[in-house]
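Peer 1: Structure of the sequence below:
(one chain, ligands or ions: 1)
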Amino acid sequence: NPTTSKYHPIDDAVWKQSEKVPYMALARTLSEIENVSARLKTIEILSNFFRSVITLTPCDLLPSVYLCLNKLAPAYEGVELGIAETSLMKAIAQSTGRTIAQIRADAKAVGDLGIVAEQSRSNQKMIFQPSRLTIKGVFDKLKEIAKMTGHASQTKKVEKIQSMFVACRNCEARFLIRSLAGKLRIGLAEQSVLQALALACATTPPGQCYPPEHLNMAKTMSGDAFKERYEQSALILKTTYCECPNYDLIIPIILKEGIRRLPEFCKLTPGIPLKPMLAHPTKGVHEVLQRFEGLKFTCEWKYDGERAQIHVDADGSVSIYSRNQENNTSKYPDIINRLNICKGDSVRSCVIDCEAVAWDKENRQILPFQILSTRKRKDANEDDIKVQVCVFMFDLLYLNGESLVKKPFKERRALLKENFKEVDGQWLFAKFLDTNVMEEVQDFLEESVKGKCEGLMVKTLEEDATYEIAKRSRNWLKLKKDYLEGVGDTLDVVVLGGYLGRGKRTGTYGGFLLACYDNDNEEYQSICKIGTGFSDEALQSHTEFFKNFIISEAKPYYRFDASHEPDHWFDAVQVWEIKCADLSLSPVHRAALGIVDPEKGISLRFPRFVRIREDKGVEDATSAKDVAHMYMNQDQIKDQQKPKIAEE
Ligand code: ATP
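Peer 2: You can find the predicted model right below:
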């Protein structure tokens, strides 16, 4: 940049052994990643950066990983940035001598405040250049900002932001502002960061701790042996992260002991949420019996509430986590206060997997999920709670210092029953039936629907019956009531854009472009347009919501056909649950392209909006593989040799 006299594009990103890592090294890495779309290239770029950090300044690896993920702490600690755009504009304006109106106009035109910040900063002549930003310095300041609360905090936050912003050079401003806004917008998924970390450690094992023979081995191993070792390390790291999603614990162990020893140190621990096991959809009782042929299994009611992973620490502290490892402890003081009446005296520490369901005390029955969603999300006061909940316990994952996840479900369930007891309307075990008779399963399914449940969860009991952390496992099948109505399973899809409404819908969006998520390529693939299932109020509120997420053009990782280009593109921020009549091959939609057909994607016919999935992140949306699976599983596809083609 010619106008900031002391800026050296390379020098600013270079540092020496034991020196603090300059923020520029990270900003340049993120900028490079922004310019590529291939996942392997992204991993390579990031792992090169991690290698340098591990070699030169290992103590900066932790803040480096956090900043790449735009996180400041484990998700369950709830430390979040997401500074309001107006505060960021104010900080940029005050540091660059421009007006907020100018910044706002530029942001509207460019669609990215990060770029506007970078441009505003680079057009500024500096007489005195502050010393360069470091990763550790930026990370600490971001944490301080996130933790500031109270009335005067806005002004203090803007001051802190300004103090960093004036030291930004070149692309540092872009990423600093994006971090503060809560999104890096480079499509870097956590799985890629973990993969890059494993690659960096395989090529440059953390030196201080690795026995020399390991170091030599890494250097002398043949290509195949190296690849195998690297893949094993990546698997160990990803598995550990699912069981113990906390980099504060994982990174120091990697540096001290190496990735391969992680399982000895970072295990399932009460107080740290683990990623839950999920179920595979099925298309009816017939399919369940086919899949579980020869296996012992049980059917449980599938309650429609919110997953609650309840942890009791050895010191007695209790925490409750959501499906996505968010900390819901302060949402459920009522559950916590009555835990002691269901927990046996034998229990010193535990993790139980449950569903918290809205409960009608008078009529002693389950209420729909929609009622539960009206409950206050944080800091609930027990005296003000209007929506009562009953907790349905269905699994025990940890008991008195021992992880139970490797034990078969039959044993886990027996331990659950031995150590916990039911309390009417407060704590109940999930209703179950052990049978492999088709008619009995069908009757139990219908009974569950009458009992106001979503259907059944069918689980293996003895063989292949471990608790598979973070997996949508084939050992758990879900059988939803929708099948009874002949509608098909629901999908969780990401909203990518909006079409402006006409006629009665003028002033709001009249339709939206939806997509599934392809985990392999880390891209969103269009699956359908939707315009039904919305009330006028709902359209109004979706329009209000997405107003804050409009971007000027589609992200490089959005896959769609030009004929479906929406009027406004959105950042991928929200997941919607939708129903459809069926799935068909489509020449224009891109979902699961190349999986079922080399040239056609899959689209949904007659999609209808069901609800917003607040509990799902965009990368938890229905995957391209799931879409392909659902398509292939349709009776008409199974029956016919030739796939049905969409009428588009
Ligand atoms: P959905 O089907 O709504 O998309 P999901 O994708 O969040 O759900 P699934 O694997 O499909 O997860 O269904 C499992 C969910 O069902 C669990 O996360 C849990 O919240 C809920 N659930 C209700 N009853 C049970 C039960 N008896 N056993 C396991 N999970 C249950």
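Peer 1: quick one: contacts for the residue lying closest to Y524 once chain neighbours are set aside?
Peer 2: Using C-beta to C-beta, 6 or more residues apart in numbering and skipping residues adjacent in sequence, the residue nearest Y524 is A515, 4.0 Å away. (C-beta placed from N, C-alpha, C; glycine too.) When the contact criterion is C-beta atoms under 8 Å, 6 or more residues apart in numbering, the partners of A515 are 493-494, 496, 524-527, 558-560, 572, 591, 621.
Peer 1: and A515, bridged to which residues?
Peer 2: V494, S526 (DSSP bridges).
Peer 1: isn't L56 right next to P22, touching?
Peer 2: No. Using C-beta atoms under 8 Å as the test, L56 is too far from P22 to be in contact (11.1 Å).
Peer 1: These two: who's more crowded?
Peer 2: P22 (23 against 17; other C-beta atoms under 10 Å).
Peer 1: Can you list the low-confidence ranges for the stretch 51-200 of the chain?
Peer 2: Scanning the stretch 51-200 of the chain for pLDDT under 70 picks out the ranges 125-127.
Peer 1: for the stretch 451-600 of the chain, same thing?
Peer 2: Scanning the stretch 451-600 of the chain for pLDDT under 70 picks out 482-488.
Peer 1: Show me what residue of it gets nearest to the ligand.
Peer 2: With C-beta to the nearest ligand atom as the measure, the residue in the stretch 451-600 of the chain that lies nearest the ligand is M457; the distance is 4.0 Å.
Peer 1: Quick check: that residue is in a strand.
Peer 2: Yes. Secondary structure of M457 (DSSP: H, G, I helix; E, B strand; the rest coil): part of a strand.
Peer 1: give me every residue that touches it.
Peer 2: The neighbourhood of M457, defined by C-beta under 8 Å, 6+ apart, consists of A279, C299, E300, W301, K302, F394, A430, W476, L477, K478, L479.
Peer 1: which of the residues in the helix or strand hosting the second one are buried?
Peer 2: Of the helices and strands defined by DSSP states H and E, C299 is found in strand 297-302. By 16 or more other C-beta atoms under 10 Å, the buried positions in strand 297-302 come out as F297, T298, C299, E300, W301, K302.
Peer 1: outside of that strand, which residues touch it?
Peer 2: Strand 297-302 is contacted from outside by 392, 394, 409, 413, 430-436, 441, 444-445, 448, 451, 453-461, 478-480, using C-beta under 8 Å, 6+ apart.
Peer 1: Show me just the buried residues among those.
Peer 2: For those, burial is judged from neighbour counts taken by 16+ other C-beta under 10 Å, and it is met by 392, 394, 409, 413, 430-433, 436, 441, 444-445, 448, 453-461, 478-480.
Peer 1: Among the residues you listed, name the ones in strands.
Peer 2: Residues of these located in strands (DSSP state E): 392, 394, 432-433, 455-460, 478-480.
Peer 1: before we move on, back to that, any idea how far P408 is from the residue of the stretch 451-600 of the chain closest to the ligand?
Peer 2: The span separating M457 from P408 equals 16 Å under the rule C-beta to C-beta, to the nearest Å.
Peer 1: Could you tell me which residues of the stretch 251-400 of the chain lie near the ligand?
Peer 2: P276, L278, A279, E300, K302, Y303, R307, R323, E355, F394 (C-beta under 6 Å from any ligand atom).
Peer 1: Mind giving me the PyMOL select for those residues, buried ones only?
Peer 2: Here is the PyMOL command that selects only those of those that count as buried (16+ other C-beta under 10 Å):
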select buried, resi 276+279+300+302+303+307+323+355+394
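Peer 1: residues of the longest helix out of those in the chain that come out buried?
Peer 2: Longest helix in the chain by number of residues, with DSSP state H as the criterion: helix 223-243. Of all the residues in helix 223-243, those buried under the rule 16+ other C-beta under 10 Å are F226, R229, Y230, S233, A234, I236, L237, K238, T240, Y241, E243.
Peer 1: out of these, who's nearest E80?
Peer 2: Y241 (19.6 Å; C-beta to C-beta).
Peer 1: Could you pull up the contacting residues of that closest one?
Peer 2: Applying C-beta under 8 Å, 6+ apart, we find Y241 in contact with L194, I250.
Peer 1: switch to 10 Å and redo it
Peer 2: Remark: with contacts taken as C-beta atoms under 10 Å, 6 or more residues apart in numbering, Y241 is in contact with E190, Q191, V193, L194, L197, Y247, I250, L262, C266, L274, K275, A470.
Peer 1: For those, which single residue is the most surrounded?
Peer 2: Of all the contacts of Y241, the highest neighbour tally under other C-beta under 10 Å goes to L197, namely 29 neighbours.
Peer 1: now for the residues of the stretch 251-400 of the chain next to the ligand, which pair is the farthest apart?
Peer 2: Pairwise distances across these (C-beta to C-beta) peak at 17.0 Å, for the pair E300 and R323.
Peer 1: and which of the buried residues of strand 297-302 is nearest to F606?
Peer 2: K302 (24.3 Å).
Peer 1: ok, what's across the strand from the closest one?
Peer 2: G455.
Peer 1: distance of it from M457?
Peer 2: The span separating K302 from M457 equals 5 Å under the rule C-beta to C-beta.
Peer 1: same question, L249
Peer 2: Counting by C-beta to C-beta, the gap between L249 and M457 amounts to 31 Å.
Peer 1: Contacts only, for the nearest residue in space to A430 that is not next to it in sequence.
Peer 2: The shortest distance from A430 to any residue that is not its chain neighbour, by C-beta to C-beta, 6+ apart, is 4.0 Å, and that residue is F394. Under the criterion of C-beta under 10 Å, 6+ apart, the contact partners of F394 comprise 300-303, 307, 352-355, 409, 412-413, 416, 429-432, 457, 459.
Peer 1: hmm, 7 Å instead?
Peer 2: F394 makes contact with E300, D353, C354, E355, A430 under the criterion C-beta atoms under 7 Å, 6 or more residues apart in numbering.
Peer 1: Repeat that for E523.
Peer 2: Y557, R559.
Peer 1: Please repeat the previous calculation with a cut-off of 8 Å.
Peer 2: Residues in contact with E523, defined by C-beta under 8 Å, 6+ apart, are S37, G187, Y517, Y557, Y558, R559.
Peer 1: Show the backbone phi and psi for the last one.
Peer 2: Think R559. Main-chain dihedrals, R559, degrees, to the nearest 10: phi -110, psi 120.
Peer 1: if we can go back for a sec, how about the buried residues of helix 223-243, which pair is most distant?
Peer 2: F226 and E243 (26.2 Å).
Peer 1: Run through the residues of the stretch 401-550 of the chain sitting next to the ligand.
Peer 2: Listed as neighbours of the ligand in the stretch 401-550 of the chain under the rule C-beta under 6 Å from any ligand atom: A430, M457, K478, D492.
Peer 1: again, only using 8 Å
Peer 2: By C-beta under 8 Å from any ligand atom, the residues of the stretch 401-550 of the chain that approach the ligand are 430, 432, 453-454, 457, 459, 472, 476, 478, 480, 489-490, 492.
Peer 1: Rebuild these as TSV, extending it with distance to I335.
Peer 2: Below are these laid out as TSV (distance: C-beta to C-beta, whole Å):
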residue	distance to I335
A430	16
F432	22
C453	20
E454	21
M457	21
K459	24
R472	26
W476	24
K478	24
K480	26
D489	30
T490	27
D492	26
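Peer 1: Show me which of those is closest to Q365.
Peer 2: When these are compared for distance to Q365 (C-beta to C-beta), C453 wins out at 11.1 Å.
Peer 1: Next, the contact list for that closest one, please.
Peer 2: If a contact means C-beta under 8 Å, 6+ apart, then C453 has W301, K302, Y303, D304, I366, K481 as its contacts.
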